[in-house]
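Participant: Generate coordinates for the sequence data below:
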Amino acid sequence: MTVSEKKAFLQLVQGLKNFVNDDGKVDIREAQAILGLVKPLAAIDSDCAELEKLVDGILDDGIVSEEESKRLLAVIGRIGMHNTGLVYGIEDKPPFFEALFAALQHLLAIFVGIITPPIIICGALGTSGEVKAFMISMALFASGICTFIQCKRLGPVGAKLLCVQGTSFQFIAPLIAIGFFAQSQTGGHPEQAVWGLPLIFGCCIAAAPAEMIAAFLFKRLRTIITPLVSGIVVALIGLGLVKVGLISCCGGFGAMGRPDTDPLVFAGWRNLTVAAAVLLTIVFFNSFRNKFVRMGSVVFGLIVGYLIAWQFGMLQFSFSSSMINIPHPFKWGVSFDFGSIIGLAIVYFITSIEANGDITANSMISGLSITDDSYHARVRGGVLADGVNSAVAGCFNSFPNSIFAQNNGLIQLTGVASRHVGYYIAALLVLLGLFPVVGDLFGTMPDPVLGGATLLMFGMVAAAGIRIIASQPIGRKETLVLAIAFGLGLGVELCPQVQVNGSSVPWVLKFMPDMVRNIFSSGLVTGGVAAILANACIRIKE
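Facilitator: The predicted structure is shown next:
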């Protein structure tokens, strides 16, 4: 819309408040005035065109039938959704510098989130610094490709919204478990750290169709996949990852074997000081009212962490000799394990639930309907793209991708919902992924620096899940679902670990078949499955 059209639209929205009384009744006396306001907009907005026809019919008949009243209220409701205060809507094309500035803000909000999973997973598996740096670069590169597909929509694949994709937190714990399982099968080979990656990538690619299939099932599963289930899943994701964040704060998996006399011993005062400084810096800058300062709070925290780590002698920079990273699909090959694939398929299905919520929130913020067929098409395309993009990411030696919810908040802050801005974000991510220096710089990030940031981030994920749960009516049956899901999910997560065939698994699963251990060794999978099944049983009884 042009500026004059936006003004006319705002006048129409104000006029509609007089056209429909507080009790929902239509005041026919205002019909002529509404017709004058809506006519200039009918050619550029389908809802306005429908409203024009309805008001014309009311003026001709002189009365409002019950059917006309229902249609009128429905179309007025949809028009009200358009009144979002956006500077640029979904299909608007902002000027170059405005689009670039908006893209940089989105990049600032997602950058740390994208590089965190590869840093944590590679650190847990003990890969070399060179491998970790390459994985960080490929995470950025794959996120750029995936973001472009979501914003553009290729055939049925993509939400066609300003949806930014990045490496998913949900898969961190399951992928670490798969990597340890793969390493346990190598017999202590020197290259076992790298040998864990082919199984991870192979299973990520093989399990991705689970989310693609889920994209077509949401309309049928709405009574089972409720907001309560979604909240439980999100809370379990955060609660399960808090342990990983705390281990990083203490120095990471690599510090566990250091002697007590080592200054960087696990949980030593230097490690905890760095982590605390990062955490407090993020909290300090996040408390500012200025939106740009708040968006940069994580980056400021990392900078402070790097400076203190440098003073403690924790930094060991090592830069690649090559000037550019050439993407190398299937760099380490792929391998498969049926139990691991089933376990990841469940995580993919759970991820699709979260993606559904993110796309719904994005649609509402962008002023689009969340009840009509176009909405269901957006959800289907977005979740389908989540699955396709995760398979694409696996081919490029990266981990599964999902829609980042934090960008929805940024759309509200900036008033820019244009999906064309997504193309700029995608291009920036691809460019960052092609330069090895980016991966090298963040690949040397000390664990306590990362831990200080991720401990807060993972805690926020858990808090978001609790908020979703709290927003729902909690009765006796809902309490039962919560008890079963958290009891089993957190039970598995907190259960002492035991070595079985060289792999660490929860003790409760010690005597289970290998496939069962591989599937349910993650608290997220166990709790998520429990929540879905318990909720399904309750709904069937109703």
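
Participant: Helix or strand: which one has residue 52?
Facilitator: If you go by DSSP states H and E, residue 52 is part of helix 46-61.

Participant: That helix: how far from the chain's middle?
Facilitator: Centroid displacement of helix 46-61 relative to its chain, using C-alpha atoms, centre = their mean, to the nearest Å, is 41 Å.

Participant: Same question for stretch 32-47.
Facilitator: 38 Å.

Participant: What are the contacting residues of the helix holding residue 52?
Facilitator: Contact with helix 46-61 is made by 12, 26, 28, 31-32, 34-35, 38-39, 41-43, 64, 68, 71-72, 75-76, 78-79, 82, as judged by C-beta atoms under 8 Å, 6 or more residues apart in numbering. C-beta: built from backbone N, CA, C; applies to glycine.

Participant: got it, and stretch 332-341?
Facilitator: Contact with stretch 332-341 is made by 178, 181-182, 194-195, 197-199, 201-203, 205-207, 394, 397, 514-519, as judged by C-beta under 8 Å, 6+ apart.

Participant: Going by neighbour count, which of the contacts of helix 46-61 are buried?
Facilitator: The neighbour-count test (16 or more other C-beta atoms under 10 Å) applied to these identifies 12, 26, 31, 34-35, 38-39, 41-42, 64, 68, 71-72, 75-76, 78-79, 82 as buried.

Participant: Strands along the stretch 401-542 of the chain, start to end?
Facilitator: Shown for the stretch 401-542 of the chain, the strands assigned by DSSP state E, counting those that start in this stretch span residues 401-403, 497-500, 503-506.

Participant: would CSV of the ones you listed with mean pLDDT, mean neighbour count and distance to residue 328 be doable?
Facilitator: As requested, these are exported to CSV (pLDDT from 0 to 100; neighbours: other C-beta atoms under 10 Å; distance: least, C-beta to C-beta, whole Å):
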stretch, mean pLDDT, mean neighbour count, distance to residue 328
strand 401-403, 91, 30, 18
strand 497-500, 84, 14, 34
strand 503-506, 80, 20, 29
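
Participant: can you give me the strands for the stretch 101-250 of the chain?
Facilitator: Here the stretch 101-250 of the chain has its strands, by DSSP E, counting those that start in this stretch, at 165-167.

Participant: residue ranges with poor pLDDT in it?
Facilitator: 186-195 (pLDDT under 70).

Participant: And the helices in it, which stretches?
Facilitator: 129-152, 172-184, 192-207, 209-214, 218-221, 227-249 (DSSP state H, counting those that start in this stretch).

Participant: for the stretch 401-542 of the chain, what are the low-confidence residue spans?
Facilitator: Within the stretch 401-542 of the chain, the segments meeting pLDDT under 70 span 409, 412-413, 502, 541-542.

Participant: mind listing the helices for it?
Facilitator: 406-414, 420-434, 436-443, 447-470, 476-494, 514-520, 523-541.

Participant: what angle sits between the last one and helix 172-184?
Facilitator: Taking axes from the mean of the first three to the mean of the last three C-alpha atoms, to 10 degrees, one finds that helix 523-541 is oriented at 120 degrees with respect to helix 172-184.

Participant: Tell me which residues are up against helix 523-541.
Facilitator: Here helix 523-541 has contacts from 170, 173-174, 223-226, 228-229, 232-233, 236-237, 239-240, 343, 346-347, 350, 477, 480-481, 484-494, 519-520, using C-beta under 8 Å, 6+ apart.

Participant: Restricted to buried residues, select these in PyMOL.
Facilitator: Burial among the contacts of helix 523-541 is assessed by 16+ other C-beta under 10 Å; the matching PyMOL selection reads:
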select buried, resi 170+173+174+224+225+226+228+229+232+233+236+237+239+240+343+346+347+350+477+481+484+485+486+488+489+490+492+493+519+520
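
Participant: Tell me how far residue 55 lies from residue 498.
Facilitator: 72 Å (C-beta to C-beta, to the nearest Å).

Participant: what's the answer for residue 207, then?
Facilitator: Remark: distance between residue 207 and residue 498 (C-beta to C-beta) = 26 Å.

Participant: Likewise for residue 430?
Facilitator: Residue 430 is 44 Å from residue 498, by C-beta to C-beta.

Participant: cool, and residue 539?
Facilitator: 37 Å.

Participant: what's near enough to touch the closest residue to residue 40 other than its chain neighbours?
Facilitator: Nearest residue to residue 40, sequence neighbours excluded (C-beta to C-beta, 6 or more residues apart in numbering): residue 8, at 5.6 Å. Contact analysis of residue 8 by C-beta under 8 Å, 6+ apart lists 37, 40, 41.

Participant: how about JSON lines for those residues, with secondary structure, distance to residue 140 and pLDDT added?
Facilitator: Shown next, in JSON lines, are those (DSSP: H, G, I helix; E, B strand; the rest coil; distance: C-beta to C-beta, whole Å; pLDDT from 0 to 100):
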{"residue": "37", "secondary structure": "helix", "distance to residue 140": "48", "pLDDT": "80"}
{"residue": "40", "secondary structure": "helix", "distance to residue 140": "45", "pLDDT": "80"}
{"residue": "41", "secondary structure": "helix", "distance to residue 140": "42", "pLDDT": "77"}
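
Participant: Residue 294 is in contact with residue 286, correct?
Facilitator: Yes - between residue 286 and residue 294 there is a contact under C-beta atoms under 8 Å: 5.4 Å.

Participant: how near is the most centrally placed residue in the chain to residue 374?
Facilitator: Note on the chain: the residue nearest the mean C-alpha position is residue 404, at 3.2 Å, using C-alpha atoms, centre = their mean. Distance, residue 404 to residue 374, by C-beta to C-beta: 23 Å.

Participant: okay, the residue nearest to residue 40: pLDDT?
Facilitator: On the pLDDT scale, residue 8 is placed at 72.

Participant: same question, the one 4 residues further on
Facilitator: The model reports residue 12 with a pLDDT of 76.

Participant: sorry, back to before: ok, of the contacts of residue 8, which one's closest to residue 317?
Facilitator: Nearest to residue 317 among the contacts of residue 8: residue 41, at 58.1 Å, using C-beta to C-beta.

Participant: Now the closest one. Nearest residue, chain neighbours left out?
Facilitator: That would be residue 48: by C-beta to C-beta, 6+ apart, it lies 4.1 Å from residue 41.

Participant: Let me know how buried the one you found is, in neighbour terms.
Facilitator: For residue 48, the neighbour count with other C-beta atoms under 10 Å is 22.

Participant: do residue 522 as well
Facilitator: Neighbour tally, residue 522, other C-beta under 10 Å: 29.
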